[in-house]
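> Have a look at this fold, sequence not included:
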């Protein structure tokens, strides 16, 4: 750190512009949102007169609040590309609330008629649903708590329903609910989960939400590695201030938003957002082409000993694997979105992966795989099988995930597996005696794998062969053999 290195103490970053009035409540003020949605909003707002200030809500940790609020909510976005580095001060966040500390304050903010939009980047697990069925997980302890304690919720769904209930009782219109997570048809999913929860509380409330609220779908895309102490120190050296809330991102960004809002919204299109009638084709393209290969590189690259995505694709076999998966397994399952060129899109993805200025760790991308696999990999596998083709690249990626959640790498070192189902996954892996049985044990977890996949013997055999190869030969050799 700076002080330990004997460098002069720099002042902490402070807000220099007036805070805008709040018009958005956002759940999940992590690095991705600060490097994406908050920047789009910042780029189209006038802080002195605008009503689109963001009140960010953390559902768990006070970290974002402790980083940002001593700075008045202002922070630095650091863009790193092949041509160098650029910085921008972001002023769109005007407050950060920590939900467990004061749920009433969060509900009061959401119930305020000035709030037009409630947006979310809470990752797949934050929606408290079963990925295979896409239904609300009513066995989740926090969901059970919220159903019985609507005035002091713990989950995003609980807060949403509680605040909407307050608005209904006050005769106010609802807010627009804007999911910005990497989930297919994320608006429809959020709508379904909200209505399912609301019906358990009050069927009349569910009907009101169904009739009056809006849940536009979105597609979001920007690679955002976790901020390190080295990033903070480097910024202090170049800008002469300490910013504990700074974020790092690549130059590329894309935000596609369904034009479906209850009331007003920022003019995000002025910052380059695409406002469209239907997001589905764009979302499917991104989930399968980018997120699918990103996760594949994360599991197989980590097992091969690569720390970063840029290091992984610097290995010609791994780069070839990506291109092979795009050409033979992924793009044949996709409709071409309006205004997109799929081969050009995939080539641009490889150039982004190769960006050495972005330190995107394979271990970071590998988190929460149980929640990500259905959207990123399994849907593509299903479509390939329907077309009569067993996708060997995707099968190897799924086997890579299985080896990863087993918790021991190729050198015999323990892997820190961060996943809401980590204990169950490790038990399933360890309970079986050989690779073939390990695959069957994990495929039996129906919260992740639907029967149409687990009953397809060609797919099962492909994953079994892939896991056996990973265990006995290693990830590098398996990738090399597949791409010869």
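Sure thing, it's come through. Please read these numbers as outputs of a predicted model, since none were measured by experiment.

> buried ones in whichever strand or helix holds residue 208?
Under the criterion of DSSP states H and E, residue 208 resides in helix 203-212. Buried residues in helix 203-212, counted by 16 or more other CB atoms under 10 Å: 205-206, 208-209. Yep, even glycine has a C-beta here, placed from its N, CA and C like the rest.

> Now do that helix: distance to the chain's middle.
28 Å (CA atoms, centre = their mean, to the nearest Å).

> Against which helices or strands is the helix or strand that comes right after that helix packed?
Moving toward the C-terminus from helix 203-212, the next helix or strand (DSSP H and E) is strand 218-221. Packed against strand 218-221, as judged by 3 or more CB pairs under 8 Å, 6 or more residues apart in numbering; DSSP states H and E, are the following elements: strand 254-258, helix 280-285.

> can you list contacts of the helix or strand following the shortest one?
Counting by DSSP H and E, the element after strand 254-258 in chain order, helix or strand, is strand 274-276. Applying CB atoms under 8 Å, 6 or more residues apart in numbering, the set of residues contacting strand 274-276 from outside is 254-259, 268-269, 282, 338-339.

> 6 Å instead?
256-257, 259, 269 (CB atoms under 6 Å, 6 or more residues apart in numbering).

> same thing with stretch 342-350?
With CB under 6 Å, 6+ apart as the criterion, stretch 342-350 contacts 289-290, 326, 331, 336.

> ok, back up a step: can you say which of the helices and strands packed on strand 218-221 is nearest to residue 355?
Proximity to residue 355, assessed across these by CB to CB, is greatest for strand 254-258 (15.5 Å).

> And for residue 46, the neighbour number?
11 (other CB atoms under 10 Å).

> So it, which state does it fall into?
coil (DSSP: H, G, I helix; E, B strand; the rest coil).

> What is the nearest of the buried residues of helix 203-212 to residue 364?
residue 209 (35.1 Å).

> Distance of the closest one relative to residue 153?
For residue 209, the distance to residue 153 equals 15 Å [CB to CB, to the nearest Å].

> likewise residue 89?
34 Å.

> of those two, who's got more company?
residue 153 (25 against 18).

> List the contacts of that one.
Shown in contact with residue 153 (CB under 6 Å, 6+ apart): 146, 159, 162.

> ok, of those, which one's closest to residue 114?
residue 159 (17.2 Å).

> Can you report how many residues lie near the closest one?
If we define neighbours as other CB under 10 Å, then residue 159 has 24 of them.

> list the buried ones in the helix or strand hosting it?
Per DSSP H and E, residue 159 falls inside helix 156-169. Using 16+ other CB under 10 Å as the burial criterion, the residues of helix 156-169 that qualify are 156-168.

> That one packs against which elements?
Counting contacts by 3 or more CB pairs under 6 Å, 6 or more residues apart in numbering; DSSP states H and E, helix 156-169 packs against helix 103-111, helix 186-201, helix 203-212.

> Can you get me a residue count around the closest residue to residue 210 other than its chain neighbours?
Leaving aside its sequence neighbours, residue 210 sits nearest to residue 195 (CB to CB, 6 or more residues apart in numbering; 5.8 Å). Around residue 195 there are 20 other residues, counting by other CB under 10 Å.

> rewinding a little: how about the contacts of residue 153 in a markdown table, adding distance to residue 78 and pLDDT?
A markdown table is the format used below for those (distance: CB to CB, whole Å; pLDDT from 0 to 100):
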| residue | distance to residue 78 | pLDDT |
| --- | --- | --- |
| 146 | 37 | 98 |
| 159 | 31 | 98 |
| 162 | 37 | 98 |
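
> of all those residues, which comes closest to residue 451?
residue 146 (30.3 Å).

> Just to check, the closest one is in contact with residue 158?
Yes - assessed by CB atoms under 6 Å, residue 146 is found in contact with residue 158 at 3.1 Å.

> helix or strand for residue 101, which one?
Counting by DSSP H and E, residue 101 is part of no helix or strand.

> Please report the distance of it from residue 360.
32 Å.

> related to what we said a few turns ago, let me have the helices and strands packed on helix 156-169 in a markdown table, extended by mean pLDDT and distance to residue 60.
Listed next are these as a markdown table, based on pLDDT from 0 to 100; distance: least, CB to CB, whole Å:
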| stretch | mean pLDDT | distance to residue 60 |
| --- | --- | --- |
| helix 103-111 | 98 | 13 |
| helix 186-201 | 97 | 19 |
| helix 203-212 | 98 | 25 |
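
> For residue 97, find the nearest of those.
Of the helices and strands packed on helix 156-169, nearest to residue 97 by CB to CB is helix 103-111, at 5.3 Å.

> any idea how far stretch 12-22 is from the chain center?
27 Å.

> and the end-to-end length of it?
End-to-end distance of stretch 12-22: 24 Å, with CA to CA, to the nearest Å as the criterion.

> Renumber starting at 30 from here on
In the new numbering, first residue 30, that becomes stretch 41-51.

> Could I get the buried residue list for that stretch?
Buried residues in stretch 41-51 (16+ other CB under 10 Å): 42, 44, 48-49, 51.

> need the contact list for residue 79.
residue 49.

> Let's see that with 10 Å instead.
By CB atoms under 10 Å, 6 or more residues apart in numbering, the residues touching residue 79 are 47, 49-50, 52, 70, 73, 121, 295.

> Centre of the chain to the helix or strand residue 409 falls within, how far?
In the assignment (DSSP H and E), residue 409 maps to helix 408-415. In terms of CA atoms, centre = their mean, the centre of helix 408-415 is found 22 Å from the chain centre.
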